[in-house]
Each structure stands twice: as C-alpha cells, then as structure tokens.
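# Generate coordinates for the sequence data below:
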Amino acid sequence: MDATILNLGSTSPDDDVFLTGPRVEVKAGQSVVISDLTVSDLDADRQLRQLVIDGKVSVSVANETVDNASATVGSLSPHALPKYTVANLPTGFVGRVAFATNGRTGAEGAGAGTGCPVIYSNAQWRRFEDMATITA
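From the prediction side, this is the model:
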C-alpha cells in the first residue's frame, strides 16, 4: 500500500525528520509517499509511532492501495497507544491520546482505577467516556 507521511513541523530545518525504517528524510512542512508498505510495517516502526504520538508527523493510507489489513486504513493501529499512570501522563497537546493504566472510569473508586483511554483537551487529560478530568 502507499502511505503518505506528512511532517507537521514549520519550515525550520530543525523540524526535519529522518525515518530510519524506510530510510527517508521528510523536510519540515512537506510530505513523502512510501510505497510497498503493509499495516504491520507501520505498526512495527516505533520511531514513526512516537513521531505520530508526539504530533510531529501524520500518516495516512490511500484506500485504493490497502493491503489485506484494511481495518486500520487511515491511521496506525489503536493498540499503539502509549501507556502511562495518571501521575506520569506527559505534557499534552490538543488531541493527543494515551492510555491511563490506573485511570478511573465513572464507576470506579479512588485508587481502584482499571485503566481507560484518555485525550488531552482544554489543558487537561480527560477520559473518553464523559470528558471528565482523569483521576487515579
């Protein structure tokens, strides 16, 4: 399949990214198309996943070039969410997602969180279910 990798940085050379997996440089503000990839290739590339998580690059897959793992067309697999305890959630940016391993859902008591996905919004990490600020 064809994957388009867009460098979300400004035009500063400091924002240029070199991807070691496909051995390609993506200049700040530009994109490259990499052919002959599989979804497994994208999921296995830790450097690329971290750049996506950090908001430095985006990855999209053209529908007409999908391999047989079409369920993940358009993004990296959701199992790639980085995991943190609530106390160790990093500084976020709007739209950043993670998994809070001890995050509480609405029915769980203090100190008894079993974990939940979270999103950074309005300067807080919030649980998906009701957008309440996440607690442990």
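# Let me know the distance separating Thr105 from Gly113.
In this structure, Thr105 and Gly113 are 7 Å apart, going by CB to CB, to the nearest Å. To be clear about C-beta, it is placed using only N, CA and C from the backbone, and glycine gets the same treatment.
# Check Leu8 too.
Separation of Leu8 from Gly113 (CB to CB) stands at 32 Å.
# more crowded one of these two?
For Leu8 versus Gly113, neighbours defined as other CB atoms under 10 Å are more numerous around Gly113 (20 against 17).
# Excluding covalently adjacent residues, which one is nearest to the more buried one?
Arg104 (3.7 Å; CB to CB, 6 or more residues apart in numbering).
# OK, contacts around the one you found?
Under the criterion of CB atoms under 8 Å, 6 or more residues apart in numbering, the contact list for Arg104 reads Ala110, Ala112, Gly113, Thr114, Cys116, Arg127, Ile134, Thr135, Ala136.
# Top of those by number of neighbours, please.
Ile134 (23 neighbours).
# do you know how far the most centrally placed residue in the chain is from Gly103?
The chain has Ile53 as the residue nearest its centroid, 3.5 Å off, counting by CA atoms, centre = their mean. As judged by CB to CB, Ile53 and Gly103 stand 17 Å apart.
# Outline the domain layout of the protein.
3-77, 81-127 (automatic domain parsing).
# any chance of those domains in CSV, plus mean pLDDT?
What follows is those, written out as CSV (pLDDT from 0 to 100):
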stretch, mean pLDDT
domain 3-77, 73
domain 81-127, 88
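# can you pull the contacts of the residue lying farthest from the centre of the chain?
Farthest-out residue of the chain from its mean C-alpha position, per CA atoms, centre = their mean: Gly109, at 28.9 Å. Listed by CB under 8 Å, 6+ apart, Gly109 has no contact partners.
# Next, it: secondary structure please.
Local secondary structure at Gly109 is given as coil here, using DSSP: H, G, I helix; E, B strand; the rest coil.
# Confirm that Leu51 sits in a helix.
Yes: the assignment for Leu51, made by three-state DSSP, places it in a helix.
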